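[1] Just need the structure, nothing else, for what follows:
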Amino acid sequence: MDGPQEDEGDAVGVGADQMNTDSDQSEDSQEAAECNVDEVATSDEEISGSEGVSEELDEIAELRALSEKNWDKYLRAAAELENVRKRAARDVENAHKFAVERFATELLAVCDSLEMALNADETGIGIEDLKAGNEATLKLFTSILQRFGVSEINPSGEFFDPEMHEAMTVQHSDECKPGNILTVYQKGYALNGRLMRPARVVVAGDSANIVGKES
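    Residues are numbered from 1 along each chain as shown. Below is the predicted model:
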């Protein structure tokens, strides 16, 4: 009787041990699975983070390339602006230096005429001939002045204008009204309407009247 009971007890013990072993293996498998899940999640996070860093690096590289391109454009624009400034300064300098070049070229004809008169053989030349030559030279010179906008101010017989005339003296006149110009001592000149030199004149009337008109 005792023998079979011991066998049953042994069988029960073996079954319990087997169950414990299976339970331990199941727990180990679950822990391993959980570890694998954690590792996979960590790996995904690392991959995602690596991709984010790569995108940021690419963006930085693009921005750096754009910055270098814009800097190059700035340097080129600055160089071009400096060239424009230098050209403008040179043009202004040349304009001042050669502003009267055309006018001076025209005056050479007057110089030639005067030199020819001085070098001419004076034998047989009368006063009338000299006068005619001087008149021709003066006419040439006056035509050159007119081409360049220089006009004479010859106010003989006109009314005194303090803006254009300068009264050298005042004389009483029974023939002219006070304020009229009696004599032109020296012609005036204007350049395109702007006074270069007033005409110097003698005015009819008394000094008090002329001073009052000038003021």
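[2] How about residues contacting stretch 99-108?
    141, 144, 147, 148 (CB atoms under 8 Å, 6 or more residues apart in numbering). In this view, the C-beta of every residue, glycine as well, is placed from N, C-alpha and C.
[3] With stretch 193-207 instead?
    150, 153-155, 160, 163-173, 176-190, 210.
[4] In CSV, list the contacts of stretch 99-108 along with distance to residue 88.
    Formatted as CSV, the contacts of stretch 99-108 follow (distance: CB to CB, whole Å):
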residue, distance to residue 88
141, 35
144, 31
147, 29
148, 26
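[5] tell me, how many neighbours does residue 137 end up with?
    When counting by other CB atoms under 10 Å, one arrives at 18 neighbours for residue 137.
[6] circling back to that earlier point, out of the contacts of stretch 99-108, which are buried?
    Neighbour-count burial (16 or more other CB atoms under 10 Å) is assigned, among these, to 141, 144.
[7] how about the contacts of stretch 99-108 in CSV, adding distance to residue 130, secondary structure and pLDDT?
    Output for the contacts of stretch 99-108, formatted as CSV (distance: CB to CB, whole Å; DSSP: H, G, I helix; E, B strand; the rest coil; pLDDT from 0 to 100):
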residue, distance to residue 130, secondary structure, pLDDT
141, 16, helix, 92
144, 21, helix, 93
147, 26, helix, 92
148, 28, coil, 91
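[8] between the contacts of stretch 99-108, which is nearest residue 58?
    residue 148 (69.4 Å; CB to CB).
[9] Can you read off the backbone torsions of the closest one?
    Per-residue torsions, residue 148: phi -100, psi 20 (degrees, to the nearest 10).
[10] Where do the helices of the protein begin and end?
    In the chain, the helices defined using DSSP state H lie at 2-97, 101-119, 127-147, 207-214.
[11] what mean pLDDT does the first one have?
    Across helix 2-97, the average pLDDT comes to 71.
[12] Same check on the shortest one?
    Helix 207-214 comes out with an average pLDDT of 51.
[13] Look up how far residue 89 lies from residue 81.
    13 Å (CB to CB, to the nearest Å).
[14] err, residue 194, not the other one
    27 Å.
[15] between those two, who's got more neighbours?
    Comparing residue 194 with residue 89 by other CB under 10 Å, the one with more neighbours is residue 89, at 10 against 7.
[16] any idea how far residue 78 is from the more buried one?
    17 Å.
[17] what does residue 136 give?
    On the measure of CB to CB, residue 136 and residue 78 end up 59 Å apart.
[18] Same question for residue 154.
    57 Å.
[19] quick one: which of the two has more around it?
    residue 154 (15 against 10).
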